[in-house]
Structure formats: C-alpha cells, structure tokens
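[1] with the input below, show me the fold.
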Amino acid sequence: MNSYIGTSGWWYPHWHKDEVFYPKWVSTYKRLEYYASQLDAVEVNSTFYEIPPKARVERWVDRTPDKFRFVFKVPKLISHQNAVNVKQIELFKEIVEVSKEKFAGVLMQFPASKKADLGWLSELMYRFIKSNISPVAVEFRSSTWFANDIVDKLLTDFYGHIIIVSAYDNRSLQWIYPPNDDKVYLRFHGAENHGYGSYSETFLAKALSELADDVKDFFAFFNNDMVGAAPNDAKALKTLVELENSLGFLNNG
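    From the prediction side, this is the model:
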C-alpha cells in the first residue's frame, strides 16, 4: 500500500509557539525541510486561494526528499464556479508539471452550497485528465452528491482518476463516505470542532481497521491545525501505518 500522510499546509507560526511541532532551532524559512523530515506528504492549502509562481513550487520540490509528495488544493476559481474555468485549469496544470515525480494528486473541495451537477463535474474531470491532473480527490459537502448513484457513476466513468474523500463527521460519528475503495483519501477536520481537537491513537487505529484489504493508495491529511494537533496526529497515524505494513510483511514472509 502506498501511503501519503500529512497535514493541510505547513506554514503555521503557532506550530512554532511553545514548540508544538517546530523546535525553536528551526528557522521560519526551514519549516518545510523540517516538516518533510517528519512526514512524507502535504496538502498545499494555499493553492486554493492563489496559484503560486512556478519558481516557488520548484523551490519546494528542491527542498524536500525524493520520497516526499505534494497534493495541491484545486483553486476556488475552478471548484467554486458554475462554469468550467479553462484558463485557471491551464495555470494550475503548470504547477502540477513542475512538481514532477513529487506530484501525488489534487484535492477538490466543494462548498456545502454546491449541489450535485454531474454534467459540470464530468466536464471538469475530462479537462483535468486531458491536462494530466490526476488523481483528483473530491470532497463533497452537500448530501445531494450521494444520491441517485452519482458517486457510482463517477467512479465508473473516471476509474483510476477520481477518489471520493472520506471525511469524519463528529456529529454523526461516522464517515461521510465509507473508505472502502482501492484508493482511499481520509480527511480529519478535528476531534472536537472544525480545526480543533486531537485524535486518540485508538481512534486512528480503528480508522485503519475500516479500510478495505485491497487498498492500493492511501491518503490521509489532518487540518485540525488551530492549536497544532494536526502534525502530531499525522505522525501518530504514520507510525501506525508503518507498523501495520511491517507486520503484514512479516506475516506474509
């Protein structure tokens, strides 16, 4: 199983405060290097607001280890529009290209107000695939997307290119979408309120136990970053996955 575990962003000054994650000896401009020494992947949240210059992305690539991977959040000028924004897709494609082998996929997060529109999303997916922007993890926040077999049709039409995000809902105490496909993308928004609260090791172990046996690609990102819980939760999950992989290897040996 290929695993990509990290947080939604790394540039958080409060992670430096009281050494919640970054030690005092880590300078502001060395946060990415330190982050990449602890975790193997990151969701680049800033691309949702603005597509960065290619040179900046190239520096990120150069400053991280070979095994490190980036997942870019789809700009809101693409995900939050009613028409397909071809120009923005072309600009977004450029940063995907410069990230080269360190590109692991993109996250497209819809607002709750975005109701199901299969035709629009299908056209967008075709544009992404044509531009080599794949896989695309899609996080739905409106229940309308889970009706009328829309998800099944998307998974069939865009097999290998689309992943439906499984986000944990603290109110219903269950996954908004069960993580039972061969490509799984988990997002942890906070054990208490959105952005707050760390997850127990017991909870994280249970989340892993609910995965299908044949998972090929496993993405998991934490954005409970308000008080610095995210990176430590990500490290805990990474340790559990490594332990599970090693036990599986031993059991199969």
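[2] can you show me the helices along the stretch 101-250 of the chain?
    Using DSSP state H, counting those that start in this stretch, the helices of the stretch 101-250 of the chain run over residues 118-130, 150-157, 201-209, 229-252.
[3] in CSV, could you pull the C-alpha coordinates for the last one?
    The reference is to helix 229-252. Extracted C-alpha coordinates of helix 229-252, given in CSV (Å, rounded to 0.1, in the frame of the first residue of the first chain):
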residue,chain,number,x,y,z
ALA,A,229,-2.7,19.0,16.8
ALA,A,230,-2.6,18.2,13.1
PRO,A,231,1.1,17.4,12.6
ASN,A,232,1.4,15.2,15.7
ASP,A,233,-1.8,13.3,14.8
ALA,A,234,-0.4,12.8,11.3
LYS,A,235,2.9,11.4,12.8
ALA,A,236,0.9,9.1,15.0
LEU,A,237,-1.1,7.7,12.1
LYS,A,238,2.1,7.4,10.0
THR,A,239,3.6,5.3,12.8
LEU,A,240,0.5,3.0,12.9
VAL,A,241,0.6,2.5,9.1
GLU,A,242,4.3,1.7,9.2
LEU,A,243,3.7,-0.8,12.0
GLU,A,244,0.8,-2.4,10.1
ASN,A,245,2.9,-2.6,6.9
SER,A,246,5.8,-4.3,8.8
LEU,A,247,3.5,-6.8,10.5
GLY,A,248,1.9,-7.6,7.1
PHE,A,249,5.3,-8.2,5.6
LEU,A,250,6.3,-10.4,8.5
ASN,A,251,3.1,-12.4,8.3
ASN,A,252,3.5,-12.9,4.6
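[4] angle of it against helix 201-209?
    50 degrees (axes from the mean of the first three to the mean of the last three C-alpha atoms, to 10 degrees).
[5] chain center to helix 229-252, what's the gap?
    17 Å (C-alpha atoms, centre = their mean, to the nearest Å).
[6] in that helix, what's buried?
    Buried residues in helix 229-252, counting neighbours by 16 or more other C-beta atoms under 10 Å, are found at 229-238, 240-241, 244. Every residue, glycine included, has its C-beta placed from N, CA and C.
[7] what about this protein, any weak spots by pLDDT?
    For the chain, the stretches with pLDDT under 70 are 170-173, 193-195, 247-253.
[8] strands of that one, start to end?
    2-8, 41-44, 69-73, 103-109, 136-139, 162-169, 174-175, 183-188, 217-222 (DSSP state E).
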